[in-house]
Every structure is written in structure tokens, then in C-alpha cells.
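Undergrad: I would like the atomic coordinates for the input below:
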Amino acid sequence: MRKHLNRMAIIIAALVLTSLSPRPSSAQQAGATAQQPTYTLPEYNSLQAAQAEKDSQTRIKLLDAFVAQYPNSTLMQYIYQMYYQTYFQLRNYAKAIEYTDKLVALGDKADVGSRVQAIQARMQLFATPGAFDPKAADAHDQLVKQRDAALQGIKLLPDLKKSNPKVTDDQVKAVQSALEGAAGAADVQLKDYPAAEEAFKAQLALNPNDPVASYRLGLAYLQATPAQSLDGFWALARAVDLKIPDTDKVKDYLRKTIVNYQQPNCDTLIDAQLNELLQLAANAPERPATYSIPSAADIQKVAQASTIITVIGDLGAGGDKAKLTWLAICGAEFPQVIGKIIDVKKSDNFVDVMVFTSASSDEISAATTANMDVKVWTAPPPAGAATGPITPQPDVLRVQKEDEISFSGTLVRYDPSPFQLHWDMVKVDPTTIPEKAGAPKRPARKPAPK
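TA: Alright, predicted model coming up:
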């Protein structure tokens, strides 16, 4: 997908400048003017013969003959132009690129329009499938030349505008945008990510709604050392909002990248964060300084400091603290959670033991409403009903209201209002299960441990 987007991004305002470079007139026509031509009639006729030739291989021979006979001709810019166009037709991209460089190297001996047009052609040729082999021995040098050519083209644009009044501001912007993108693409492959970021930012300054430029900026941010993850997420989200080709694939890549950044136990929590990110990025080209999402290190720090009591307090408070805490402890296992049974709801394969816990034993004794739903399997669950291996505990059917219960389990979700934690994969401490039905109830004497 990245290769597909790179090719598409390099397609420059095609042929914007194709008709803007002057063509040589015949020596007879030029002789009628006050200024004599700088080339001879035989030179002109040779050039015309090459232009008229339909067979590409024969045209190359005619061009070779011209260069051999007139190595210092002032018509050389047109000869080089025919060279790279013909080699492109022959799919000899390396030779085509070679002659775009030769034309540009003529400097002031070639008009600025021809030079910019040659650089345009170079950008497109380099991005053509099969033109560049990243495993080639000189791959690094090729990339440097590509980047430098793009930057040279950008520098020539002001002169182009001055030299030809037919060139519009929109045309210049289109060419500059594509050249910035080409420079950035080369910088990425050179692993010069700061330079790539600057190039793509310049491209987006010219067109803030360019989805490919935003996508490639996001990749540059994420590949940098250290990675600028938040800016990378934002730029990729912008690309999705702007309907980049393969939108679903880019969105899926963004989601996976956020999962890897956070490494939460419950990766389903990523969806809400992703949706929020896409909504915010749709209205802002740049990430606000106030926007952030927690990293794996942030989440781990909260998880290590959490107890079931702090979890209840943080989740109950709501806001950003609740979001961060839930990211940290969703799917986490807690041992030896202690509380008082408020109610027991029996089903075919499990019971929901409704429990209240607190740091205060007095609060536990006085509680009449549960703040935890503890799901205990009493029989083998149906296929797909459990999130992991289950050892049924049919003895739990003997627990009663007001009993104390101790269990370990996994937090799977919570309800903010009325507040309630939901547990699964539960293992009840057998010592808190009555030995037989109707046994005396056990008071909840202990607070839940940290």
C-alpha cells in the first residue's frame, strides 16, 4: 500500500509545463529577424528529422548522431528532451533519468521552463515501478540525486514565474507541492526523517487537504527516532478523514499502531480513542498541544499502583482519570478480592454473585447495594461463552446473602452509573463457600486488601 501511495503522490501536475518551453524556429525564419540564430540550418534539420522519426530505436540513433556531430549545439536542450522522452517510451528509465539530469546540468544554456519540466519528468520516472531498486549498490546515491533534483526544482520556480507570464500561481503551487513530496519521499528512504517531515509539512502548507501528504507525514513521524507517535497518529487520522485511497487499510494500520503504542489488555478500548481522534483531526490540520493519549508506560505505571479500592475510586470519579485507569486495569486479574454478598442470581451455567467491597469494614457491613457483579461458572460454559479456560465451581451455588466471599478474577467491564464492576474467569476461595446448604452465614469482617 505504501508503494501505491508513493507512486500516486509523485504524479505531478502532469504536463503543466509541457507547452511552456520555447521551441527552435528554422534558420530561415530566424534570419528574417534582427537577431541571427545561434544554430545552423543543418543542425535544425537534424533535430527536425529526429522529431519526425516514429521508431524509438531509430530516433535514438539520430540523436546519437546529432550529439556526435554537434556536441556544442545550442539546440542541445531539445535533443536531451527527446532523449529522455524516447527512453521513457523504451522503458529504459535509468537512461531517461540520465538525460533529464543532463538537460538540467546545462544551466543557463537551457531555458528555465525546460529545466523544471525535466525535473518534473525525473520525479515521475524515478517513481515508476521498476525504475529504482532499493537494494542496488548505488541506491543511496540515487536517492540523494532524486532529493537534490527536487530541491533544485523548487529553487527554480520563482525564476520560472518571472520568465514566463503564462505560468499561473496555481501551476507553480501544484509543481512545488509535488516536488516537496518527491523530496520527502527520498528523505524517508534515506532515513532522514526530520528532513522528510519538513518536506511534507511544506507540501501540506500549499495544500492542507492533501491526504497522501498527510499520510506520508504520519509515517515519517512514526519512523523517526524517537518516534513522534502522537503527531504521527494525528497525521494518519487526517489522511483517513480526507478519504485517502485505501482508507480502510490506512484506518486499520492506524488502529494497530495505537494498539502497539498502548498495549492495553482490552484492545477493544482502542476503538473509542480512534473514533475520538478521527473526529478531532477532521477539523484541525495540526495536533493541538492539549491532545494526548496514554502510552504503554503511562498505562503500566497506573496498573502497578492500582488496588481494587483505588480502581473503584478512580472509575467512580469519571473523567480522564477514569479513562486512564480503565485502560490500565481492563482485562487485569486481581487476587483475593473480599466483600459481602448482597444477592445471588442463578442461571443455568453460572451464578452472578452481587458483592459490595470497600476499604472500610463498617461500610461493608452496612452495605445494601452491590458495586460488583461476580460471574462464577457452576457448569461448563457453552462454546464461545467464556474468554478462557474455566473450572466450574458448582459449590458456589451454596453461597448466601450476607456471606463474606473472597475470590480472584478478571475485570471485563464496568458501569459508570449506577457504578458496578463486572468480573469473569472467577475462582472463589473454597474456604468462603459454606460446606452445605443452609449453613450459618458468615459476616463480612475484613476490608478488601490492597
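
Undergrad: make it CA atoms for all contacts and neighbour counts henceforth
TA: Will do.

Undergrad: Could you list the low-pLDDT ranges of the chain?
TA: Scanning the chain for pLDDT under 70 picks out 1-36, 387, 437-450.

Undergrad: one more time with 80
TA: Applying pLDDT under 80 to the chain flags residues 1-37, 384-389, 436-450.

Undergrad: domain parsing for it?
TA: Using automatic domain parsing, the domain parsing of the chain gives 2-281, 295-450.

Undergrad: right, so of those domains, which gets closest to residue 289?
TA: With Cα to Cα as the measure, domain 2-281 is the member of those nearest residue 289 (9.9 Å).

Undergrad: How far away from the center of its chain is that closest one?
TA: Chain-centre distance of domain 2-281: 22 Å, with Cα atoms, centre = their mean, to the nearest Å.

Undergrad: does residue 340 count as helix, strand or coil?
TA: Three-state assignment for residue 340 (DSSP: H, G, I helix; E, B strand; the rest coil): strand.

Undergrad: about what we covered before: may I see the domains of the chain arranged in CSV, with mean neighbour count as well?
TA: Listed next are the domains of the chain as CSV, based on neighbours: other Cα atoms under 10 Å:
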stretch, mean neighbour count
domain 2-281, 18
domain 295-450, 18
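
Undergrad: my guess is residue 355 is in a strand, correct?
TA: Yes - counting by three-state DSSP, residue 355 falls inside a strand.

Undergrad: which ones are touching the residue nearest to the spatial centre of the chain?
TA: The centre of the chain sits closest to residue 236, judged by Cα atoms, centre = their mean, with a distance of 4.1 Å. For residue 236, the contacting residues are 214-215, 217-219, 250-251, 254, by Cα atoms under 8 Å, 6 or more residues apart in numbering.

Undergrad: can you redo these as CSV with distance to residue 52 and secondary structure?
TA: Conversion of these to CSV gives the following (distance: Cα to Cα, whole Å; DSSP: H, G, I helix; E, B strand; the rest coil):
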residue, distance to residue 52, secondary structure
214, 44, helix
215, 44, helix
217, 45, helix
218, 47, helix
219, 46, helix
250, 47, helix
251, 50, helix
254, 52, helix
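
Undergrad: a markdown table for the domains of the chain, including distance to residue 288?
TA: As requested, those are exported to a markdown table (distance: least, Cα to Cα, whole Å):
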| stretch | distance to residue 288 |
| --- | --- |
| domain 2-281 | 9 |
| domain 295-450 | 17 |
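
Undergrad: mind checking which helix or strand the residue nearest to the centre of the chain is in?
TA: Residue 236 belongs to helix 229-241 when assigned by DSSP states H and E.

Undergrad: Residue 175 now?
TA: Using DSSP H and E, residue 175 falls in helix 169-189.

Undergrad: Counting by contacts, list what that helix packs against.
TA: helix 2-10, helix 112-127, helix 139-163, helix 193-206, helix 211-223 (3 or more Cα pairs under 8 Å, 6 or more residues apart in numbering; DSSP states H and E).

Undergrad: residue boundaries of the strands in the stretch 351-450 of the chain?
TA: In the stretch 351-450 of the chain, the segments counted as strands under DSSP state E, counting those that start in this stretch are 372-377, 404-416, 419-428.

Undergrad: Make CSV from the ones you listed and add distance to residue 258 to it.
TA: CSV is the format used below for those (distance: least, Cα to Cα, whole Å):
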stretch, distance to residue 258
strand 372-377, 30
strand 404-416, 21
strand 419-428, 26
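
Undergrad: closest to residue 267 out of these?
TA: Residue 267 sits nearest to strand 404-416 of all the strands of the stretch 351-450 of the chain, at 11.8 Å, using Cα to Cα.

Undergrad: Name every strand pairing with that closest one and say which way it goes.
TA: Sheet pairing of strand 404-416 (DSSP bridges) gives strand 333-346 (antiparallel), strand 419-428 (antiparallel).

Undergrad: report the angle between the axes of the longest one and strand 372-377?
TA: Using axes from the mean of the first three to the mean of the last three Cα atoms, to 10 degrees, the direction of strand 333-346 lies 80 degrees away from that of strand 372-377.

Undergrad: Does anything pack onto the helix or strand where residue 48 lies? Which helices or strands?
TA: In this assignment (DSSP H and E), residue 48 forms part of helix 41-52. Applying 3+ Cα pairs under 8 Å, 6+ apart, we find helix 41-52 packed against helix 27-31, helix 56-69.

Undergrad: redo that, cut-off 7 Å
TA: For helix 41-52, the packing partners by 3 or more Cα pairs under 7 Å, 6 or more residues apart in numbering; DSSP states H and E come out as helix 56-69.
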